[in-house]
Structure formats: C-alpha cells, structure tokens
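A.B. asks: need the 3D shape of this:
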Amino acid sequence: MKDRRLRVGIVGGGRGAFIGSIHRIAAELDGQANVIAGAMSSDPEVARASAAAWYLERSYSSFESMAVEEARHPAGIDFVIVATPNNLHLPVSLAFLRAGIHVVCDKPLACSVAEAQLIFEAVGQRGKLFALTHTYTGYPMVRQARAMVRDGKLGTLRKVLVEYNQDWLKTDLERQGNKQASWRTDPRRAGISCCVGDIGTHAQNLLEFISGRNIVALCADLSSFVTGRVLDDDANMLLRLEGGAKGTLVCSQVACGEENALNIRLYGDRGALEWHQQEPNTLIYKPADRPWEYLRTGQSSLDPSVSKLTRTPAGHPEGYLEAFATLYRNFIADVRRVDEGIAPERDYPTVEDGIRGLRFVEKAVESARRGAEWVEI
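C.D. replies: A predicted model of the protein is given here:
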C-alpha cells in the first residue's frame, strides 16, 4: 500500500447530486487516492451513467453487492465514501465495515443516536477506521483558532456565538422537483430534523472543535417557516458549555440573501477570536487592550501544526475543497499507518463526533417540543 495510491469506492453521489463530486475531488486532490468503483444510485441506469461519467473501473447496482465483491477483489478498494441521504448511512456503513473496509461518511452520522450506536459498535468490533466529514474543521485558520484557545490566548472562555445561515430553502423547493431539498425535508430520509441536522450540526461541531468544550445543555426554538414543511428550517438556541461558558447557536435555511454564512466568535477574559467561513483565510484576534490582529494563512507566525495544512503561497485563496481534502489527507495517512501496523492519529472527525452531533439534534428537537425548555446533553 505504501507504494501506490489508495483505491477508493463511493456509494451515492450520482447524477444530480452535489456532494459526491466534492468527495471525489477532495479524496483525489493530494494525489494519494483514486476513486475507482461505485454504487452511485439505487436506479441502475443512473448508477451506470454516473460511473461512466467518472470513468470508474467498476460499477455496481447495489451497495450490498459492492461491499461483498470489493472485499473479495484482489485489487479491491481500501476505503469507501458514503455520500447518500441520511437514512442510508447506517446500512451502507455497516455493510462495508462488516466487509473489512474503512469508511468515510458524510454527516450526520445516521438518523438517530440509536443508529449511530450500531455504527460505533461495528467500528470497534471490526477495528476499521471511520471518518465523518465535518468539513469546516479542515480549514487552516480553524485549526489556528483551536491552537490559540488551547494555548490560553483568550484566557478563561466566557461566551461563544456561532451562526450558520443560508437561504436556499426559503421556498418550497421540495415540491418543485429539487432532489437535494426533497430528501432533506423528508423525515423518512433525513430523520427528525432538517436545518439542525443538516447545518446546525456543523455549527455545533465547529464550536466544540475550536473551544475544546462540549455543549452540556441547551434551550432551543425550532421553526418551520415554509407552509407545509414538516421539519425545521430555522433554529435559535441558548447554550451552556463545559467550564461555565455560555453561548448562542443560530442556524437557518430561510435567511433571505445568505449563501453559506458560517461564522463564529469566541470571547475570553484576555482576548477574543472571530472567523468567517466565506472569508476563510483570515482569523481575527482581539487581545485585551491592544489593537486587533489579522492572522492570515501562509504567515510564518502561525502554529506549526497549522502551517503544514496550507497548500498554496500566501495570498492565494484556499477554500472549501482544500478543507475537505485536509480531512481526506489525514484519513488516508491513517489508512497507511494501520496497514503498516502503526497506531492511527485520527486527526479528523470520528464516529464519536457523529454521536455527539446526533445527541445535539435530538436534544434540540426535544427542547423545542417542550416549549423551549432547557435540556441537558
């Protein structure tokens, strides 16, 4: 394995999907892997056409047959990408884990904590690697923010504000034939939440990743603003964090005019940090009683663990694809380590992060159903 690119398979992500191509580009960006096999749709014709468009070596009509055949193939895949709607994350992940194949899964991990627990148990029983693509943890300046919090640059953390606002579901796209909207707003395929499960979990994960503190309780107000929509498309929450810090989390898919506004601000007694996903190369540091500092990717003063993530010279923007690719690069490095009998580093979101995300979703829905009462996670 150390003398070749890794062989990768994908389930889902076929014609008409957005995230499949993102996964493929990210997995292949650093020249460490090639996507060669796939079961890209439950529709055999779409599966064949999608595989042909990507020039895959092997195409399958079902993920079940793919897991079995790739495990037997002398040049079978080293890991699989799960890029399906949420309701298929559990069966697809289990099929490949039980076949002895490592897994990279799109978030959320499953449709419920109970389902997530089954994946957790399978990972432990089979001894396979499992990564969850919380993409935003792959940005260099997010890693820099985490390092600065860890190193005490903010002092005692007091307050965290995180928001993730979009507007693409401000109308009833699910009734207009939009594939992405139709499954995200369908409880049978998305689970108990649309907005919180889809993008609120990114905000929750980003907050906990940078701050190093878990959310221990929340008070949530969820809304479905579009007439006839069953699942939430907007949420507002108050948070309590480990160590006594307080926070707010706002997420919306009906915020008119917003594209992908994921923003976070952290306040301590000695300083503050601010980061905006739509301007990802800049991290704003606000030390107490001193001028603000604008930290940029490519600067020599960044934490050494951060500098190695930047692929281009200073001033050349990197973004979503590169952040996604960072998770894949770290995961691929672990696949190689495990193959050589070396302990993995797991420098990417794991199944445990996925379980925390689903607990967060379930508690947010519970709080909202109880009239925005405080609930513990």
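
A.B. asks: and this structure, what are its domain boundaries?
C.D. replies: By the assignment in automatic domain parsing, the chain contains the domains 6-128, 139-312+357-376.

A.B. asks: how about the ones you listed in a markdown table, adding mean pLDDT, distance to residue 345 and mean neighbour count?
C.D. replies: Backbone N, C-alpha and C define where each C-beta goes, glycine included. What follows is the domains of the chain, written out as a markdown table (pLDDT from 0 to 100; distance: least, C-beta to C-beta, whole Å; neighbours: other C-beta atoms under 10 Å):
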| stretch | mean pLDDT | distance to residue 345 | mean neighbour count |
| --- | --- | --- | --- |
| domain 6-128 | 96 | 14 | 20 |
| domain 139-312+357-376 | 96 | 11 | 19 |
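
A.B. asks: so for residue 348, which of the ones you listed sits nearest?
C.D. replies: domain 6-128 (8.7 Å; C-beta to C-beta).

A.B. asks: how long is that closest one end to end?
C.D. replies: Counting by C-alpha to C-alpha, to the nearest Å, you get 16 Å between the two ends of domain 6-128.

A.B. asks: gap between that domain and the chain center?
C.D. replies: From the chain centre to the centre of domain 6-128 is a distance of 16 Å (C-alpha atoms, centre = their mean, to the nearest Å).

A.B. asks: circling back: nearest to residue 346, out of the domains of the chain?
C.D. replies: Per C-beta to C-beta, nearest to residue 346 of those: domain 6-128, 11.3 Å.

A.B. asks: re earlier: for residue 344, which of the domains of the chain is the nearest?
C.D. replies: Using C-beta to C-beta, the nearest of those to residue 344 is domain 6-128, at 10.0 Å.

A.B. asks: and the gap between the nearest residue to residue 287 once chain neighbours are set aside and residue 85?
C.D. replies: Distance criterion C-beta to C-beta, 6 or more residues apart in numbering; nearest residue to residue 287, sequence neighbours excluded, is residue 271 at 4.5 Å. Distance, residue 271 to residue 85, by C-beta to C-beta, to the nearest Å: 42 Å.

A.B. asks: residues contacting residue 228?
C.D. replies: Counting by C-beta atoms under 8 Å, 6 or more residues apart in numbering, residue 228 touches 172, 175.

A.B. asks: checking it next. Helix, strand or coil?
C.D. replies: Three-state assignment for residue 228 (DSSP: H, G, I helix; E, B strand; the rest coil): coil.
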